[in-house]
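J.: model this:
(one chain, ligands or ions: 1)
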Amino acid sequence: MIRADKINRNYFYPDQFRESAADFLTAYKLEKEISCPDSKNKEGLKDKRSRVCRFCHRKYQHSIVTFSNDAHVFSELLGNRYLVSDFECDECNFIFSKYESDLANFLGIVRTVQSVKAKKIPKFKSADKKLEAESTQDDNEGNIIKIRRFDGLNTVFQFDEKKQETIITYEKNPFTPLNVYKSILKMALSIVDDRHLEDYKFAFEYLRTNNHDDKYSGFALINSYSMPLTFQYEQPAGMLFRKTNNNDNLFTHVFSFSALNQIFQIVLPFNRQDVPHYTVPGGVNVLWCPPLFDEDNEAAIRSIHCNLHNLNSTERLRHQKESFVLPGQATYGESFDGSKIIGIDLIREEDNECEE
Ligand SMILES: [Zn+2]
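T.: Numbering: from 1, shown residues only. The predicted structure is shown next:
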């Protein structure tokens, strides 16, 4: 582990990211960091009648522009219960909630397996109805995640006896890739400082409508790091990095969001200061932030899976399969017959999951 000492708190990143981290932490500095609180606190929020929406720029107007809903700065379905804003009108909130249902389907089973701290832990059903997962609370055992298969011939569970691993494969529910991207962009634009909002004027319009989806395409990428299922960030948190030298051929801001066992990163598009760089041959360079952890996470992050998701399409994506490996030491006896297994219970302890 390497101390990311260019950042003002004690964050660490694994050795394997040494090179890319050096590049990123030279070119960018942390401008803002927001972590979700674990209790309700609406202090400091503007009165509903004096609110202005940062996304559509409209002021409160009785029964026309309203701010009645709790507008979550970061998605509630990623575990943010209490961080709400006073700058998102109900109409924009409704638009963004549609993006979030795509995000939920993109995330798949992970929220259930991680028992995300939402209003209600979601029950998961795969698109082909062959797998269901549910998080339950048992007085003696604590949090149990029940995964069941409903197919005649087992296509869900695979048991690798040599590696002592269980692999679960399921079909995600359909989602629109660009909407998944926009759900992350919405979170990023929510924490941009007021003084930079003017630079992102077009980004807000792009976010709210689909008028520009076809004309501007190509940058809707999410860089993700997935940690083992046994790892979980305590609270969702977002970090906004700003480039240190305005003349660098880089996007001004990089947003990194951590929740569950995942980190999602995007570059912020359409900053008007970046426009001159758009026409440089080869385009604007992209640097990603290394995955950052607190010191005590070290043991949990031995394997990190990096992925670059191309989410530029507005075509609904169906039948996408995903596999994940269950942690824990499974022991299979002599007479073990995987085809007879129809369910697996995971018992969630403090920082540990056991397979039964
Ligand atoms: Zn609005």
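
J.: List the contacts of whatever residue of the stretch 101-250 of the chain ends up closest to the ion.
T.: Residue nearest to the ion within the stretch 101-250 of the chain: R208 (7.4 Å; CB to the ion). All C-beta spots, glycine's among them, are computed from the backbone N, C-alpha and C. Neighbour list for R208: 55-56, 92, 95 [criterion: CB atoms under 8 Å, 6 or more residues apart in numbering].

J.: how near is it to F94?
T.: The gap separating R208 from F94 is 11 Å, by CB to CB, to the nearest Å.

J.: same thing with Q61?
T.: 16 Å.

J.: got the residues of this protein near the ion?
T.: 53, 55-56, 89, 92 (CB under 5 Å from the ion).

J.: which of the contacts of R208 has the most neighbours?
T.: Of all the contacts of R208, the highest neighbour tally under other CB atoms under 10 Å goes to C92, namely 23 neighbours.

J.: V180 is in what secondary structure piece?
T.: Applying DSSP states H and E as the criterion places V180 in helix 177-190.

J.: Now that helix - C-alpha only, CSV.
T.: What follows is helix 177-190 as a C-alpha-only set of coordinates in CSV (Å, rounded to 0.1, in the frame of the first residue of the first chain):
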residue,chain,number,x,y,z
PRO,A,177,-26.3,2.5,-20.8
LEU,A,178,-26.3,6.2,-21.4
ASN,A,179,-28.8,6.7,-18.5
VAL,A,180,-26.5,4.8,-16.2
TYR,A,181,-23.8,7.3,-17.2
LYS,A,182,-26.1,10.2,-16.6
SER,A,183,-27.0,8.9,-13.1
ILE,A,184,-23.3,9.2,-12.2
LEU,A,185,-22.9,12.6,-14.0
LYS,A,186,-25.9,13.9,-12.0
MET,A,187,-24.1,13.1,-8.8
ALA,A,188,-20.9,14.7,-10.0
LEU,A,189,-22.7,17.9,-11.1
SER,A,190,-24.4,18.1,-7.8
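
J.: give me phi/psi at the residue in the stretch 251-356 of the chain that the ion sits nearest to?
T.: Using CB to the ion, the closest approach of the stretch 251-356 of the chain to the ion is made by F270 at 17.8 Å. Backbone geometry at F270, expressed as degrees, to the nearest 10, gives phi 70, psi 20.

J.: Just give the nearest non-adjacent residue to it, would you?
T.: A203 (4.0 Å; CB to CB, 6 or more residues apart in numbering).

J.: which residues touch the one you found?
T.: Counted by CB under 8 Å, 6+ apart, A203 has contacts 185, 189, 268-271.

J.: any idea how far it lies from E334?
T.: 61 Å.

J.: for the stretch 251-356 of the chain, which spans come out with low pLDDT?
T.: 298-300, 327-332, 349-356 (pLDDT under 70).

J.: Correction: the previous question concerned the chain.
T.: For the chain (pLDDT under 70), the answer is 1-9, 118-119, 298-300, 327-332, 349-356.

J.: For the stretch 101-250 of the chain, just list every one of the strands.
T.: Assigned by DSSP state E, counting those that start in this stretch, the strands in the stretch 101-250 of the chain fall at 124-125, 131-138, 142-149, 157-160, 165-171, 221-226, 237-243.

J.: contact partners of the third one?
T.: Which is strand 142-149. 112-113, 115, 130-138, 156-157, 168, 342-349.

J.: Just the buried ones from the residues you listed?
T.: Among these, the ones that count as buried by 16 or more other CB atoms under 10 Å are 112-113, 115, 130-133, 135, 156-157, 168, 344, 346-348.

J.: which one of these sits closest to K215?
T.: Lowest distance from K215 to the buried ones among the contacts of strand 142-149 (CB to CB) belongs to T112, with 37.6 Å.

J.: which SSE is the residue positioned nearest the centre of the chain in?
T.: For the chain, the residue nearest the mean C-alpha position is F264 (5.0 Å; CA atoms, centre = their mean). Following DSSP H and E, one finds F264 within strand 262-267.

J.: Show me what that strand is packed up against.
T.: helix 177-190, strand 221-226, strand 253-259 (3 or more CB pairs under 8 Å, 6 or more residues apart in numbering; DSSP states H and E).

J.: and the angle from the lengthiest helix in the chain to strand 262-267?
T.: For the chain, the helix with the greatest residue count under DSSP state H is helix 90-107. Counting by axes from the mean of the first three to the mean of the last three CA atoms, to 10 degrees, helix 90-107 lies at 120 degrees to strand 262-267.

J.: Now do helix 90-107 against helix 177-190, angle only.
T.: Going by the same axes, to 10 degrees, helix 90-107 makes 120 degrees with helix 177-190.

J.: Identify each buried residue in helix 90-107, please.
T.: 91-93, 95-96, 99-100, 102-107.

J.: same thing with stretch 265-276?
T.: Applying 16+ other CB under 10 Å to stretch 265-276 flags 265-271, 274 as buried.

J.: any idea which of those is closest to N173?
T.: Using CB to CB, I266 is the member of the buried residues of stretch 265-276 that lies nearest N173, at 22.6 Å.

J.: Just to be sure, E31 is in a strand?
T.: Yes - the assignment for E31 is a strand, going by DSSP: H, G, I helix; E, B strand; the rest coil.

J.: Disregarding residues adjacent in the polypeptide, which is nearest to it?
T.: In space, E31 is closest to R242, 4.2 Å off (CB to CB, 6+ apart).

J.: Please apply the same query to Y11.
T.: Per CB to CB, 6+ apart, closest to Y11 is L292, 4.1 Å.

J.: E134 and S115 touch, don't they?
T.: No - shown here, E134 and S115 do not form a contact pair, counting by CB atoms under 8 Å, at 10.1 Å.
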